[in-house]
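[1] After the sequence you'll find the predicted model.
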Amino acid sequence: MDIKAVEERMNKSISSLEANLTKVRTGRANPQILDGIEVDYYGSPTPLNQIASISVQEGKTLCIKPYDASSLKDIEKAINTSDIGLPPVNDGTVVRITIPALTEETRKGFCKDISKMAEEAKVSVRNIRRDANDEVKKDKSLPEDQAKSLQDDIQKLTDKFIEKIDTVAKAKEKEVMTI
């Protein structure tokens, strides 16, 4: 039974949560909301950030400038078919996406989504704890007191990661609620 392996698995849960939270809109333009969008570039799906530079203008607009001007229509099509829910505007040289200001209702909806993501991460951490505890119980070569000590260490690790998840989620909720 290796505590380091358990900690590493729990860290992956936190990393996954943080990656999911970057896709939650906050009312400010953030190039990371375009992560995961793939453009059909000469017949193969290519991540948008590999075929274009993405910059933020005036805090509210994403400006996507393709390295190859012929891919403008494909970029626009990929953004339209994605699930980000923001319409792209193609002006012939760049594609712009204006991020609208969030209403109070929208902000609260995003906070609910953040809470769900945090709860999923907590469930993942608890499942890792359960698996680790089962492994300790199955290992009959461990003395009883050492097994108990390992289970206590696993529980402390779980508590630490649950707290970390709460901190990350609260920070994102605060960011979303800030006007």
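    Alright, I've got the coordinates.

[2] What residues sit buried inside stretch 50-61?
    For stretch 50-61, the neighbour count (16 or more other CB atoms under 10 Å) marks Ile51, Ala52, Ile54 as buried. Where you see a C-beta, it was placed from the backbone N, CA and C, and this is true even at glycine.

[3] Can you spell out which helices and strands pack onto the helix or strand that contains the last one?
    Under the assignment given by DSSP states H and E, the secondary-structure element containing Ile54 is strand 52-57. Contacts defined by 3 or more CB pairs under 8 Å, 6 or more residues apart in numbering; DSSP states H and E place strand 52-57 against strand 61-66.

[4] what residues does the very next helix or strand once past the strand it packs on touch?
    Per DSSP H and E, strand 61-66 leads on to helix 72-81 as the next helix or strand towards the C-terminus. Outside helix 72-81, the residues that touch it by CB atoms under 8 Å, 6 or more residues apart in numbering are 34, 37-41, 48, 51-52, 64, 66, 86-88, 90, 92-95, 97.

[5] mind listing which of those residues are in helices?
    If you go by DSSP state H, the contacts of helix 72-81 have Leu48, Ile51 in helices.

[6] Which of the contacts of helix 72-81 are buried? Put it as a ChimeraX command.
    Listed next is the ChimeraX selection for buried residues among the contacts of helix 72-81, using 16+ other CB under 10 Å:
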select :34,37,39,41,48,51,52,64,66,86,88,94,95,97
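
[7] Next step: the contacts of helix 72-81 restricted to strands.
    Judged by DSSP state E, these include Glu38, Val39, Asp40, Tyr41, Ala52, Ile64, Pro66, Pro88, Asn90, Val95, Ile97 as members of strands.

[8] Give the ranges of residues in this protein that sit below the confidence cut-off.
    Along the chain, the parts satisfying pLDDT under 70 run over 1, 179.

[9] Many thanks, I have nothing further to ask.
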